[in-house]
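Participant: quick one: sequence plus predicted model below, questions after.
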Amino acid sequence: MAVVLGPNRYGKAETRLVRVVRDGGVHHVKDVSVSSALSGAMEDAHLAGDNAAVLPTDTQRNTVYALARKHGVDQIEDFALLLARHYVDSQPTVHHARVEIEECLWGRIRDGEESRPPGERHSFVLSGPERRTCVVHHDRDGSTTVTSGLRDLAVLNSTGSEFFGFARDEYTTLAPTHDRVLAAAVRARWRHVSGDCDFGASYSEVRRCLLEAFAGTHSLSLQHTLYAMGRRVLETRREICEVRLAMRNKHHFLVDLTPFGLDNPNEVFYAADRPYGLIEGVVLDDDAPAARFAWE
Ligand SMILES: O=c1[nH]c(=O)c2[nH]c(=O)[nH]c2[nH]1
């Protein structure tokens, strides 16, 4: 038997960066968490303890802050591309860089601004648990992949959802329904055809497609809705070739009010936290270019 080193990568995970841009009295905030992972000629580091090829993770954290100061942080995909190219282009031992960014979304607080001098806007409120995400890979061979996404996008249809005709066995107790509440926490990731894109506009439009398809589909299951959402993105946005969705089904159970002499005509629900149905699927163009390392 011979023991060999398998695939490996290393980096600094979840560097928290908040950047404030002051445009006169109008301020903008970018609040991101950056994770970098480098791979390449790291055999000696693992086999012999020789760190000559190892750019410290401490340096990777510093690089996030330095490049944020020098170049700003606008679209997270562009900042991830900047970082990934920086590592591969500046370190001969780094053959591949993966940069993942998650962004907290701050909206403006408009209430109260009228009490300030005109043009002063510097108050923000976090837009719920939803996060915008991206993963960029850049390889020494010149190839780059970009996936964008979101997570913890909570959606709910209070009608227009059915679930019936499902398989049954001796353990099945679920009653078929032709009118239920459909609620889900959505994680969506989508693969760009190329690294050259207006990522801000693309993100807004993909998010809009996902929401429109969720709201506009008479659902026969979450699987049915998932496919409709992915399909809407692919049919609307030519810059996207693949969509991966994971939907946490937030089950809403009708509460039995008969002990209290009350009816419950689909109005009072118990929203269960767990367990939850987890519905996952990939929807893609049948002529999508090879994904290579995009999903790693
Ligand atoms: O949309 C649904 N898909 C399922 O697979 C499933 N299973 C279940 O119990 N409820 C639901 N709902």
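Facilitator: The structure has been received and is ready for your questions.
Participant: CA atoms for contacts and neighbours, from now on please.
Facilitator: Will do.
Participant: and the helices in the stretch 1-150 of the chain?
Facilitator: Using DSSP state H, counting those that start in this stretch, the helices assigned to the stretch 1-150 of the chain run over residues 43-48, 57-71, 76-90.
Participant: who touches the last one?
Facilitator: Think helix 76-90. Under the contact criterion Cα atoms under 8 Å, 6 or more residues apart in numbering, helix 76-90 has outside partners 36, 38, 63-64, 67, 73, 94-103, 133-140, 146, 148, 199.
Participant: now with 6 Å, please.
Facilitator: 73, 94, 95, 97, 99, 138 (Cα atoms under 6 Å, 6 or more residues apart in numbering).
Participant: and it, what's buried?
Facilitator: 76-85, 87-89 (16 or more other Cα atoms under 10 Å).
Participant: gap between residue 2 and residue 62?
Facilitator: Residue 2 is 39 Å from residue 62, where distance means Cα to Cα, to the nearest Å.
Participant: of these two, which one has the most company?
Facilitator: residue 62 (14 against 3; other Cα atoms under 10 Å).
Participant: what sits against the more buried one?
Facilitator: Going by Cα under 6 Å, 6+ apart, residue 62 touches no other residue.
Participant: and residue 169, backbone torsions?
Facilitator: Dihedral pair for residue 169: phi -140, psi -170, per degrees, to the nearest 10.
Participant: what about it, neighbour count?
Facilitator: Residues near residue 169, counting by other Cα under 10 Å: 6.
Participant: how close does it sit to residue 251?
Facilitator: 21 Å.
Participant: do the same with residue 201
Facilitator: Residue 201 is 33 Å from residue 251, by Cα to Cα.
Participant: now the contacts of helix 76-90 in TSV, with distance to the ligand and pLDDT?
Facilitator: Shown next, in TSV, are the contacts of helix 76-90 (distance: Cα to the nearest ligand atom, whole Å; pLDDT from 0 to 100):
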residue	distance to the ligand	pLDDT
73	39	98
94	44	98
95	42	98
97	38	98
99	34	98
138	37	98
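Participant: of those residues, which belong to strands?
Facilitator: Among the contacts of helix 76-90, the ones falling in strands (DSSP state E) are 94, 95, 97, 99, 138.
Participant: what's across from the first one in the sheet?
Facilitator: If I follow you right, that is residue 94. Going by DSSP bridges, residue 94 is paired in beta bridges with residue 40.
Participant: before we move on, back to that, can I get the ones in strands among the contacts of helix 76-90 in CSV with neighbour count and distance to residue 128?
Facilitator: Listed next are those as CSV, based on neighbours: other Cα atoms under 10 Å; distance: Cα to Cα, whole Å:
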residue, neighbour count, distance to residue 128
94, 21, 37
95, 18, 38
97, 28, 31
99, 26, 24
138, 29, 32
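Participant: who in the stretch 151-296 of the chain is up against the ligand?
Facilitator: Within the stretch 151-296 of the chain, the positions near the ligand by Cα under 6 Å from any ligand atom are 221, 222, 223.
Participant: what kind of secondary structure is the last one in?
Facilitator: If I follow you right, that is residue 223. Classification of residue 223 using DSSP: H, G, I helix; E, B strand; the rest coil returns helix.
Participant: any idea how far it lies from residue 59?
Facilitator: For residue 223 relative to residue 59 (Cα to Cα), the value is 44 Å.
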